[in-house]
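3D, please:
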Amino acid sequence: NLLASYPHKKSKFCNEIGKNKKSYQHCLDCDYKAMEHVKESGELYIYKCHFGLNEAIMPLYSYGVLTGYLMMGQAVIGTYRNYSEIIEKSKEYFDDQEKLKKYVTKIAILNEDQVYSFANICDIYAKYISLTNRVQAKHDNLAQEVKKYIISSKVSFKNILKHTIKSFIYFVPGIVNTIFTSADKTVLGAFANSYEVGVYEQASKICTLCGSVINSISNVVLPRVTYLNNNASKDKSKKIMFKTLRYASVVAIAVTVGIICISDEFVPVFFGLGYEKSAVLLKILAFNVLMSILANYIGQQCLISNAKQNQYNIAISVGALLNVILNFFMVERFQSVGVSVASVVSSGVLFWVVLMFSREIISLRNIIQMDWKATIAAIIMFITIYRLNFTHLFVTLAVKIAVGAVVYIAILVILREETIQEVFVKIISKRRT
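Reported below is the predicted structural model:
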C-alpha cells in the first residue's frame, strides 16, 4: 500500500528527526502500527507518534480494495507544557538544543475537539474519494491524486452568508408545507370545537400517509433526474419523469377512488364509534392524495431538477396562502367539511400553478393521455364496489378492497395500460429465469 502525505515538505522538526536513522525508524514504526490499525478497523484513527505529536490517518479504497492512506499532522493536543515532553524525547537526536526548542515551538497547539474536527473533515474527503473510486493503486504519486480533491480555501462570514442566502430557498418548501398542513387544523381549532378537530385530524392522517408512501418514489428518482438534466440528457430525463409519473398516477387514482369507496366501513372498524364524520371528510380529502402527488412529482422533477426552485417556491406559497384564506372564509359556516374542501381546492390550485411553470416539459394534455385508462378503470371500480354491503363491516371492507383491486387491474389489462403491461412482463420474465 502507498502512504499519502501532503505537502511533501515536512515541518522543520520532522525534517530534522528524519535525518537520523534511529529516530526516523521510530517514525516508520509508529506509522506502520497506525496503518495496521486502520487496515483492521477501516476507520479514521488519531494517534500520538513516538515523540508526542498527534497525527491522524484514514484509509483510501478503490473498488473496495485498500490502495493507500490519507494522513493529517502534525499538532500537539494540550498546552505549551506538552512542548517539554517532545523536547525531552527528541533531544538526543539534536546537536543544537536551541534549534530543537525553536522547531518544537513552531508546532501548532490545539485542543482535542479541534484535532478531531479537522480529522473528521479529512475523513469525509477520504470517504468521498473512496466511494467514487477516484484513486487507483497504479498511480505513482498518491498524494498528488488526493490533493486534487482537497481544496484549501479561507472561510469568512461573507462566504458563509452568501451560501446561506442561496441555500435558504431550499428551506422555503419545508416552511410553507408546514403552514399548508397545519393552517387548517389551527384555524379549525380556533373557530370550532375539539370534536371537529379530532374527526378532521384522523381523516387527514390517513390521506397524508397514503400520499407520503407514493411520493417517496419521486424523492428516490429526483437525484437521477437532476443529474440527467445537468448533463445534457434532457430526453432521457423526460422519459424517466413521464414513466414515474405514470406509475404514481395509476396508484394515486386507485387510492383516491378506493378511499372514497371504503371510508364508510374503514372509519368505524379502525376509529370506532363517534368518528362517523371522518368518513365524510375522507371522501373529500381523498382528492388531496391525487392532487398533491401530481403537484409533487411535477414540481420536483420538472422544476427543482431544472434549477427552478424559485418557481416551485412561488407555487407552494400560492397554495398555502389560498389555503389559509379559504379556511377563514369556510370554517365558521361549514366547520371541518369547509376546511376539507379548502384543502382540496388549494391542492388543485397548487397543481395547476406547478403545471403552468412546467408547461415547456409537460402539459395537461400529457397527463390526460397517460391517465385516461386508469380513470376509466377507477370509475368502473367505483360503480362495482361502492354499494357492496354485508352484515359485518369488516367483511364488507375486506370484500371491497379485494374486489376493487381485481376489477381495477383487470380493466387496466383489458385497456392495455402501459404500466400494468410492464409490471406483468417483468413478473413473467422473472418466473422464466
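
give me the residue at the spatial middle of this structure.
Centroid-nearest residue in the chain: Asn219, 7.1 Å away (criterion: CA atoms, centre = their mean).

what's the closest non-adjacent residue to that one?
Once flanking residues are discounted, Asn219 sits nearest to Gln300: 7.6 Å by CB to CB, 6 or more residues apart in numbering. Glycine gets a C-beta too; all of them are placed from N, C-alpha and C.

repeat that for Gln202.
Ser278 (4.9 Å).

sort out which residues of whichever helix or strand that neighbour is part of are buried, please.
If you go by DSSP states H and E, Ser278 is part of helix 276-298. Across helix 276-298, burial judged by 16 or more other CB atoms under 10 Å covers 277-298.

stretch 100-114 too?
By neighbour count on 16+ other CB under 10 Å, the buried set for stretch 100-114 is Leu100, Lys101, Tyr103, Val104, Ile107, Leu110.

which strands border the strand ranked longest in the chain, and is each parallel or antiparallel?
In the chain, with assignment by DSSP state E, the single longest strand is strand 65-77. With DSSP bridges as the test, strand 65-77 is paired with strand 2-4 (parallel), strand 54-62 (antiparallel), strand 109-110 (parallel).

what does the average pLDDT come to for that strand?
On average, the pLDDT along strand 65-77 is 79.

follow-up on the earlier one: what is the helix holding Ser278 packed up against?
Other helices and strands packing on helix 276-298, by 3 or more CB pairs under 8 Å, 6 or more residues apart in numbering; DSSP states H and E, are helix 194-229, helix 234-270, helix 309-357.

show me the one of those that comes nearest Gln421.
Gln421 lies closest to helix 234-270 among those, at 11.4 Å (CB to CB).

how about that closest one: buried residues?
Under the neighbour-count criterion of 16+ other CB under 10 Å, helix 234-270 has 237-238, 240-242, 244-268 buried.

what's the local residue count around Tyr408?
24 (other CB atoms under 10 Å).

for it, give me the pLDDT.
For Tyr408, the model assigns a pLDDT of 93.

for the spatially most distant residue from the centre of the chain, which three-state class applies?
Going by CA atoms, centre = their mean, the residue of the chain most distant from its centre is Asp95, 58.9 Å out. With DSSP: H, G, I helix; E, B strand; the rest coil as the basis, Asp95 sits in coil.

list the contacts for it?
Neighbouring residues of Asp95 by CB atoms under 8 Å, 6 or more residues apart in numbering: there are none.

from Ile107, how far out is it?
Separation of Asp95 from Ile107 (CB to CB, to the nearest Å): 20 Å.

what does Met356 give?
Counting by CB to CB - Met356 and Ile107 are separated by 63 Å.

distance from stretch 108-126 to the middle of the chain?
26 Å (CA atoms, centre = their mean, to the nearest Å).

what about this protein, any weak spots by pLDDT?
Within the chain, the stretches with pLDDT under 70 are 1-9, 63-64, 130-155, 166, 169-170, 180-181, 230-233, 430-433.

on that earlier part again, now the longest strand of the chain: buried residues?
Leu66, Thr67, Gly68, Tyr69, Leu70, Met71, Met72, Gly73, Gln74, Ala75, Val76, Ile77.

show me which residues of the next helix or strand after that strand are buried.
Counting by DSSP H and E, the next helix or strand C-terminal to strand 65-77 is helix 82-90. Going by neighbour count (16+ other CB under 10 Å), the buried part of helix 82-90 is Asn82, Tyr83, Ile86, Ile87, Lys89, Ser90.

residues in contact with Gln421?
Val413.

in what helix or strand does it lie?
Using DSSP H and E, Gln421 falls in helix 418-432.

what's the angle from that helix to helix 234-270?
90 degrees (axes from the mean of the first three to the mean of the last three CA atoms, to 10 degrees).

just the CA coordinates for helix 418-432, please, in CSV.
This file holds the C-alpha atoms of helix 418-432, laid out as CSV (Å, rounded to 0.1, in the frame of the first residue of the first chain):
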residue,chain,number,x,y,z
GLU,A,418,-48.6,0.6,-20.3
THR,A,419,-47.8,0.5,-16.6
ILE,A,420,-49.7,-2.7,-15.9
GLN,A,421,-48.2,-4.3,-19.0
GLU,A,422,-44.7,-3.5,-17.9
VAL,A,423,-45.3,-5.0,-14.5
PHE,A,424,-46.7,-8.2,-15.9
VAL,A,425,-43.8,-8.5,-18.4
LYS,A,426,-41.3,-8.2,-15.5
ILE,A,427,-43.1,-10.7,-13.4
ILE,A,428,-43.3,-13.3,-16.2
SER,A,429,-39.6,-12.8,-17.2
LYS,A,430,-38.5,-13.3,-13.6
ARG,A,431,-40.5,-16.5,-13.3
ARG,A,432,-39.0,-17.9,-16.5
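
and that helix, what's buried?
Residues Thr419, Ile420 are the ones in helix 418-432 that count as buried (16+ other CB under 10 Å).

distance check, the closest residue to Gln301 other than its chain neighbours against Pro223.
Using CB to CB, 6+ apart and skipping the chain neighbours, the partner closest in space to Gln301 is Met241 (4.4 Å). Going from Met241 to Pro223 by CB to CB gives 13 Å.

go on, Val269?
For Val269 relative to Pro223 (CB to CB), the value is 40 Å.

and if you look at Pro268?
Distance from Pro268 to Pro223, by CB to CB: 43 Å.

try Ile420
Going from Ile420 to Pro223 by CB to CB gives 27 Å.

who are the contact partners of Phe394?
Glu265, Val269.

buried set for the host helix or strand of it?
According to DSSP H and E, Phe394 maps onto helix 393-414. Applying a neighbour-count criterion of 16+ other CB under 10 Å, one finds Thr396, Leu397, Lys400, Ile401, Gly404, Val407, Tyr408, Ile409, Ile411, Leu412 buried in helix 393-414.

let me see the contact set for Val115.
Ile46, Asn54, Ala56, Ala75, Ile77.

tell me which element it falls in.
With DSSP H and E as criterion, Val115 is part of helix 112-131.

alright, that wraps it up for me.
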